[in-house]
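1. Task: produce atomic coordinates for the following.
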Amino acid sequence: MKNHLLLAAIALCSVFFSSKSFSQNTPACDTLMLKSGIVIPARVTQIINKEVQYTACDQTGGNPSLVYWSDLREIRYSDGRIRTEKGETRPIVPGESAWMIETTDDNTYIGIIKGQDNNHITLETKNLGTLNIQRVNIRKMEPVQPEHIVNGEVWLPSPHDTRYYFGPNGYSLHRGEAYYQNAWVFFNQLSVGVTDRFTVGFGIVPLFLFQSPTPVWITPKVSFPIKENKINVGVGALLATVIGEDGGGSFGVVYGQLTLGSRDKNVNFGLGYGYAGDSWAEAPTISISALYRSSKKFAFITENYLFDTGSEKVGLISAGGRFLGRRIAIDGALALPIVSEFDFIGIPWLGINVPIGKK
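-> Below you'll find the model as predicted:
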C-alpha cells in the first residue's frame, strides 16, 4: 500500500513539474492588428519583405500562416514592442515617463503606464485616476517628449507651428501631416508635408464665385535643421497667378528663413525678393517675426515686414495671439500698415488653422 502511495506521489510530482516547465518554455503570444479591425493572438515567426509569418497561439504543429503588410496595421509583441511596416518602437517601460494614448473613439489620455499585458494597458492619469484600456481600442500611443512637460503640466504639440499669421518659419511639417488655413473668409490654403523636410501648399481666393478673376498659388518650401529644435533654415517661394478673363501674369516671392528657437518659442528672420512677370524687385523684402507660447493653450505672435515699392518703403507690423486647441488653432491680431503721408487704423486679422494629417 505504501509503495502504491509513493508511486502515485512521484507521478503527480512529475506531472506538476513537467507542466510547469512546459508553461515556462512556452513563449507568450504576440498580437496582430489588422486594418480591418480583426485582432489575431499569434506568435510571429518570421518577417520577409512585405510578408509576416505567424502561428496561432494554440497551434502546436503544421505550417505557419501568412499576412501581408498591406492588410496589417501593426504587430504588438508580448514584450511591449510595437512594429509597423515603417519601423519599430521601443518597449513600454512602466513608470518611466508620461504617455499619450489615443483611442478609437477619439478620446486622448495622458498619464503614466503602471502595467500592461497582451490585452490591456493600465494608465494612471492626473484627473481621471487609473484607467484600464484595452489594446484593441488603442489607435495610437506615443511617449510624451520631455520638452512638452512644462512645470509638471503636459503641453501637447501645437497644431500649427510652421507659420505665423501668414508667413512661414524655418520649420517644416512632418511627412503625412497637413493642415487647412483660412483667413478673412476668402483666403484658403492647404499645406502638406511631403517629406520631413519638404512642404508644399496650395491656395486660392475664390473670387470666381463673384465672376471675378481668381488668384491661385503654390508654396513649396524646403527646411534644413542646423541644430535640432534650435536653429532651422527654410528656403521656399510663393508662386502665384490670376485666373480669369481679365487675369494678369505670374507674380510672387522667393525667400529664405532663419528660425532661432523651438517650435513653441522662436524668433524668425526672413529675406525675400518679389517678382511680377519677368521683372524682379530691386530691393529685398525683410521680415522679423516671433512666437512665444506662454501657456498650454495660448501663444503670443508678432509678424512684421518692410517692403520697398521702388518709390518708397512700406512697413507692416502686427501683434496678437493664437489659441491652441487639440485639433484647431485660432489666430487673432491687429495689423498696422506704415506708409508715409497716410494714416491707417489697425486692420483685424482672424484665421483658423485645422490639422488634417497625422499630427
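2. So which helix or strand of the chain has the lowest pLDDT on average?
-> Every helix and strand in the chain was compared by mean pLDDT, DSSP states H and E; the lowest is helix 2-25, with a mean of 41.
3. following it, which helix or strand comes up?
-> strand 30-34 (DSSP states H and E).
4. average pLDDT across that following strand?
-> Rounded to a whole number, the mean pLDDT of strand 30-34 is 85.
5. Which neighbours in the sheet does the very next helix or strand once past it have, and how are they oriented?
-> Counting by DSSP H and E, the next helix or strand C-terminal to strand 30-34 is strand 39-48. For strand 39-48, the pairing partners within the sheet under DSSP bridges are strand 30-34 (antiparallel), strand 51-56 (antiparallel).
6. Residues in contact with strand 39-48: which ones?
-> Residues from elsewhere that reach strand 39-48, judged by Cβ atoms under 8 Å, 6 or more residues apart in numbering: 27, 29-34, 52-57, 64-65, 67, 75, 77, 118, 136. Any C-beta I mention is one placed from the backbone N, CA and C, and that applies to glycine too.
7. Quick check: ChimeraX command selecting the buried ones in the residues you listed.
-> Buried subset of these, written as a ChimeraX selection, criterion 16 or more other Cβ atoms under 10 Å:
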select :29,30,31,32,33,52,53,54,55,57,67,75,77
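8. quick revisit: and S158, which of the strands paired with strand 39-48 is closest to it?
-> Each of the strands paired with strand 39-48 has some distance to S158 by Cβ to Cβ; the shortest is strand 30-34, at 29.4 Å.
9. what's the closest one in contact with?
-> Applying Cβ under 8 Å, 6+ apart, the external contacts of strand 30-34 come out as 39-44, 52, 54, 67, 71-78, 118, 135-136.
10. swap in stretch 344-359?
-> Counting by Cβ under 8 Å, 6+ apart, the neighbours of stretch 344-359 from elsewhere in the structure are 157, 159-160, 163, 165, 173-174, 176-184, 187, 190, 192-193, 318, 320, 327-338.
11. Which of the residues in that stretch are classified as buried?
-> Within stretch 344-359, the residues scored as buried using 16+ other Cβ under 10 Å are 349, 351, 353-355, 359.
12. which of these lies closest to I110?
-> Of all the buried residues of stretch 344-359, K359 has the smallest distance to I110: 16.2 Å, by Cβ to Cβ.
13. how is the chain carved up into domains?
-> The chain breaks down into these structural domains: 26-88, 92-144, 178-355 (assignment by automatic domain parsing).
14. that older thread, to F307, which of the strands paired with strand 39-48 lies closest?
-> Among the strands paired with strand 39-48, the nearest to F307 by Cβ to Cβ is strand 30-34 (53.8 Å).
15. Could you give the separation of the closest one from the chain centroid?
-> For strand 30-34, the distance from its own C-alpha centre to the chain's C-alpha centre is 24 Å (Cα atoms, centre = their mean, to the nearest Å).
16. and if you look at stretch 120-129?
-> Using Cα atoms, centre = their mean, the offset of stretch 120-129 from its chain centre is 23 Å.
17. do the same with stretch 295-312
-> Taking mean C-alpha positions (Cα atoms, centre = their mean), stretch 295-312 and its chain are 25 Å apart.
18. Buried ones in it, by neighbour count?
-> In stretch 295-312, residues buried by neighbour count (16+ other Cβ under 10 Å) are 299, 301-307.
19. pLDDT averaged over that stretch - what is it?
-> On average, the pLDDT along stretch 295-312 is 91.
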